[in-house]
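>>> Model the structure of this input:
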Amino acid sequence: MNPNLLIVDDEQHTREGLELALEDKFEIFLASNPTEASNVMEAEELDVVLTDLKMGNHSGMSVIDMAIQLPNKPICIMMTAYGEVDVAVEAMKRGAYDFLAKPVNLEKLELLIKRGIDSKRLRTENAELHQRLDKKFNFQEILGQSSALEEVLEKVKLVAPSKATVLLDGETGTGKELVAQSIHQNSSMSRGPFVPVHCAALPANLLESELFGHEKGAFTGASEKRIGRFESANKGTLFLDEIGEIDLSTQVKLLRFLETKSIERLGSLKSIGIDTRLVCATNKNLFEMTKKGQFREDLYYRLNVVTIKLPALREREDDILLLLEHFISHFSEENNFPIPNLTPETIRILNTYSWPGNIRELRNFCENLVVLNRGGEITPYELDPRFFSENEIEPKSVEIQKPSLSVEENEKRLLRNALLKSGGNRTKAAEMMGISRRTLHRKLSKWPELDVGKIYDK
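Here you go, the predicted model:
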């Protein structure tokens, strides 16, 4: 995707001439004065602003002043006439990257823009690096106090300073990428990039090119050279999630990298040395896959230098309430909604639920809870049917004991409990309540929000 460039000049032929010369390499936006420039800045995220100094009664200084106040500050370059160097230097003091004298030399302009964009990229990378370094040996993003999690973090502290290949083993949603990031941040490679690749999300015919890159013409559609993720992760960490999904031909290339620390791009015979820490993750039993010929045995042992088993959320019962409180507070703050209050009975049900989707399921549940309820008390009455079907809770155990309930409210809650207990089966629910199916239909027409059967039908 080409960078966005705003050209501000009151001379039409200058604007259009620059647009014609640069349109192949940039997305061009034009403005003839600071007001038009301001409108473009509000509508578009700019990478570069190229402005004339004098535009009739307007000054390019105001364009510079507006640009440097943007959240994503663009590279600002001033165009000046002969004898205006002092003013251009003042513009640089106020935030401009550099200046060029008119008439503009296009070759110098393109070089200046390239240097400016590279400089901006380096500043961004340095800022991200400092953020990562500040988090070193800080596991605040990994929440929990259970002994199962503490065991994982102790292993991370031991293995992180080394360059050993690490295999993270655990169910989907247990936080494998977060642990991989912690290994990277606490390693000697932390100053380099952390590059994640979700192998299951890429077709087999694209994964090899994505990992190792390709040369121009390597296959149909390869119109230019592409740098793969291994090269992008040089001097850093490459995280391969769902490693069990890669095909056997790609496994051979991965094994070669582990043996030689080098790769070959598709369409090339030249070996490229790569200094990259490899962290892999899987939710499959790779050892069993080797017995079935689905995964190379030699690669398995190469990857299995250090294995860290991530516990499922059901094995971290002490952490469930902590995670619930954290995510509910997070989504309430993010959406500016009041924090809902979980009743003791609700907490008991959530704490005994197995959370088959692990932390990912719990996180999504909390977001749904905050968005749909917006504060107030969360009783078992507000929970999804899945929590009841698993816990086999009797309807009477989820009745809300409030002496002030009206007859209608009691009837609604009895109906809801019957539907929950019956798994959404209306016939069974009617039998449990001692009413006809026709009567139950009539009541659901009156109170459609109680129809948990719709949830089961999804």
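>>> where exactly do the helices run in the stretch 101-250 of the chain?
106-134, 147-159, 176-185, 204-212, 229-232, 248-260 (DSSP state H, counting those that start in this stretch).
>>> backbone phi and psi for Ile272, please?
For Ile272, the backbone dihedrals are phi -120, psi 120 (criterion: degrees, to the nearest 10).
>>> What does the pLDDT read for it?
pLDDT for Ile272: 92.
>>> any idea how far it lies from Gly213?
Distance from Ile272 to Gly213, counting by CB to CB, to the nearest Å: 9 Å. Backbone N, C-alpha and C define where each C-beta goes, glycine included.
>>> Common neighbours of those two, please.
Glu231, Ile263, Arg265 (CB atoms under 8 Å, 6 or more residues apart in numbering).
>>> Sort out which one of those lies nearest Leu153 for me.
Nearest to Leu153 out of those is Glu231 (CB to CB; 31.2 Å).
>>> the domain parsing of this structure - what is it?
Domain segmentation of the chain under automatic domain parsing yields 4-129, 147-309, 313-378, 396-458.
>>> Save these as TSV, and put in mean neighbour count and distance to Asp384 too.
Formatted as TSV, the domains of the chain follow (neighbours: other CB atoms under 10 Å; distance: least, CB to CB, whole Å):
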stretch	mean neighbour count	distance to Asp384
domain 4-129	16	38
domain 147-309	17	17
domain 313-378	16	8
domain 396-458	15	6
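>>> Please identify which of those is closest to Pro385.
Across the domains of the chain, Pro385 has its closest neighbour in domain 396-458 (5.0 Å, CB to CB).
>>> pLDDT and distance to Thr14 for the shared contacts of Ile272 and Gly213 - can I get that in JSON lines?
Listed next are the shared contacts of Ile272 and Gly213 as JSON lines, based on pLDDT from 0 to 100; distance: CB to CB, whole Å:
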{"residue": "Glu231", "pLDDT": "92", "distance to Thr14": "41"}
{"residue": "Ile263", "pLDDT": "92", "distance to Thr14": "47"}
{"residue": "Arg265", "pLDDT": "90", "distance to Thr14": "43"}
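>>> now do the same end-to-end measure for stretch 241-256.
End-to-end span of stretch 241-256 (CA to CA, to the nearest Å): 19 Å.
>>> what's in contact with that stretch?
Here stretch 241-256 makes contact (CB under 8 Å, 6+ apart) with 167, 176-177, 180, 196-200, 204, 207-208, 211-212, 240, 262-264, 280-284, 286, 289, 294-296, 298-299, 302-303.
>>> same deal with stretch 15-22?
When contacts are defined by CB under 8 Å, 6+ apart, stretch 15-22 is touched by residues Leu5, Ile7, Asp9, Ile28, Leu30, Ser32, Leu50, Val104, Leu106, Leu109, Glu110.
>>> List just the nearest of these to Ser59.
Asp9 (12.7 Å).
>>> element containing the residue lying closest to Ile339 once chain neighbours are set aside, please.
Leaving aside its sequence neighbours, Ile339 sits nearest to Ser332 (CB to CB, 6 or more residues apart in numbering; 4.5 Å). If you go by DSSP states H and E, Ser332 is part of helix 317-335.
>>> State the next helix or strand along the chain beyond that helix.
From helix 317-335, the next helix or strand downstream (DSSP H and E) is strand 341-342.
>>> quick one: average pLDDT of that next one?
On average, strand 341-342 scores 90.
>>> from the chain's centre, how far out does that strand sit?
Between the centre of strand 341-342 and the centre of its chain there are 28 Å (CA atoms, centre = their mean, to the nearest Å).
>>> Number the residues from 868 up from this point.
Yep, numbering from 868; the last one is strand 1208-1209 now.
>>> That strand - contacts with which helices or strands?
If contacts are counted by 3 or more CB pairs under 8 Å, 6 or more residues apart in numbering; DSSP states H and E, strand 1208-1209 sits against strand 1244-1245.
>>> any idea how far Leu1034 is from the closest residue to Arg1183 other than its chain neighbours?
Closest residue to Arg1183 apart from its sequence neighbours, by CB to CB, 6+ apart: Ser1013 at 4.3 Å. In this view, Ser1013 and Leu1034 are 22 Å apart by CB to CB.
>>> do Met1156 as well
Relative to Leu1034, Met1156 is positioned 13 Å away (CB to CB).
>>> One more: Ala1296?
When distance is defined by CB to CB, Ala1296 is 48 Å away from Leu1034.
>>> what's the answer for Gly962, then?
For Gly962, the distance to Leu1034 (CB to CB) stands at 48 Å.
>>> cool, Ile1009 as well?
From Ile1009 across to Leu1034, the span is 18 Å (CB to CB).
>>> what about the strands in the stretch 868-1017 of the chain?
Taking DSSP state E, counting those that start in this stretch to define them, one finds strands in the stretch 868-1017 of the chain at 871-875, 894-898, 915-919, 921-922, 925-926, 942-947, 965-968.
>>> TSV please, covering the ones you listed and showing distance to Asn1208 and mean pLDDT.
Shown next, in TSV, are the strands of the stretch 868-1017 of the chain (distance: least, CB to CB, whole Å; pLDDT from 0 to 100):
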stretch	distance to Asn1208	mean pLDDT
strand 871-875	47	94
strand 894-898	49	94
strand 915-919	50	94
strand 921-922	59	88
strand 925-926	57	90
strand 942-947	50	90
strand 965-968	57	87
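>>> Correct me if wrong: Tyr1248 contacts Leu1282.
No. Tyr1248 is beyond contact range of Leu1282, at 11.1 Å (criterion: CB atoms under 8 Å).
>>> surely Ala934 meets Val907?
No. Counting by CB under 8 Å, Ala934 does not reach Val907; the two are 10.4 Å apart.
>>> what is in contact with the two at once?
Common neighbours of Ala934 and Val907 (CB under 8 Å, 6+ apart) are Leu913.
>>> and Arg961, what is it in contact with?
Applying CB under 8 Å, 6+ apart, we find Arg961 in contact with Met928, Ile931, Asp932, Ile935.
>>> quick one: it and Cys943, what's the gap?
9 Å.
>>> can you list residues touching both of these two?
Taking CB under 8 Å, 6+ apart as the criterion, Arg961 and Cys943 both touch Ile931, Ile935.
>>> what's the nearest residue to Leu979 if we skip its chain neighbours?
In space, and not counting its chain neighbours, Leu979 is closest to Asp965: 5.6 Å by CB to CB, 6+ apart.
>>> For Val875, see how far away that neighbour is.
For Asp965, the distance to Val875 (CB to CB) stands at 16 Å.
>>> Thr1210 now?
For Thr1210, the distance to Val875 (CB to CB) stands at 60 Å.
>>> Kindly report the same for Glu1316.
Glu1316 is 56 Å from Val875, by CB to CB.
>>> His1197 too?
Using CB to CB, one obtains 42 Å as the distance from His1197 to Val875.
>>> Just put the domains of the chain in TSV and tack on distance to Phe1254.
Conversion of the domains of the chain to TSV gives the following (distance: least, CB to CB, whole Å):
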stretch	distance to Phe1254
domain 871-996	40
domain 1014-1176	17
domain 1180-1245	5
domain 1263-1325	9
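>>> and those domains, which one is worst for confidence?
When mean pLDDT is averaged over each of the domains of the chain, domain 1263-1325 scores lowest at a mean of 66.
>>> and the contacts of Arg961, which of them are in helices?
If you go by DSSP state H, those have Met928, Ile931, Asp932 in helices.
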